[in-house]
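Visitor: Compute the structure for the input listed below.
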Amino acid sequence: LVYATDDGGAVVLASLRYFGLPRDWLNDPFNAVDVVGFTVVYAVLLYTILTWRNTGSPPDISKYYEEDDDARGTAFDADSSHYANLVVVGVLMLWLKALSFLRGLNIAFAMFVHMLTAIIADLWYFAVVMLIWFVAFTHVLFLRLGRRTRRYFDFH
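Guide: Here you go, the predicted structure:
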């Protein structure tokens, strides 16, 4: 079903659907990396601009990385931890985007990146089973040892 428009947009969209390109675009994991990465980077940028405009200084995430536990307990706030987590996810997505760019440089790079994605896809099933295994043992150990005091685990 094709509807003609003045600019030909519907014809192009129908031809893309005919060749299955939207489905292929959705099935490529690097496109998800693009969408999540750019969304997170723009969210960090927007948060930085708004914080800078309202407070006169950019967000400070150095509180998040304090060495002293006591200092972290007093200076740590939820805004800096959320901001730091967004920054970390954004940087990770940008590095994964660099892998995506490697695919277009050379056939050897493309084969290597494809091999990595195939290995990760195959390890998904193993990761699910391993997660269930870890949760099961964590639950059992918590039920057995969860209500013990610290003195119970001392060697003296």
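Visitor: Next, count neighbours for the residue lying closest to F112 once chain neighbours are set aside.
Guide: The shortest distance from F112 to any non-neighbouring residue, by CB to CB, 6 or more residues apart in numbering, is to L102 (7.7 Å). In this view, the C-beta of every residue, glycine as well, is placed from N, C-alpha and C. Residues lying near L102 (other CB atoms under 10 Å) number 14.
Visitor: L102: what's it in contact with?
Guide: Contacts here follow CB atoms under 8 Å, 6 or more residues apart in numbering; on that basis L102 touches F109, A110, F112, V113.
Visitor: That one: which element?
Guide: Per DSSP states H and E: L102 is located in helix 78-103.
Visitor: So which other helices or strands are in contact with whichever helix or strand comes after that helix?
Guide: Note on helix 78-103: by DSSP H and E, the next helix or strand toward the C-terminus is helix 107-145. The contact analysis (3 or more CB pairs under 8 Å, 6 or more residues apart in numbering; DSSP states H and E) places helix 107-145 against helix 78-103.
Visitor: now the helix it packs on: mean pLDDT?
Guide: The pLDDT scores in helix 78-103 average 83.
Visitor: Can you give me the separation between I132 and A121?
Guide: For I132, the distance to A121 (CB to CB, to the nearest Å) stands at 19 Å.
Visitor: got any ranges where the protein has weak pLDDT?
Guide: Along the chain, the parts satisfying pLDDT under 70 run over 1-21, 61-80, 147-156.
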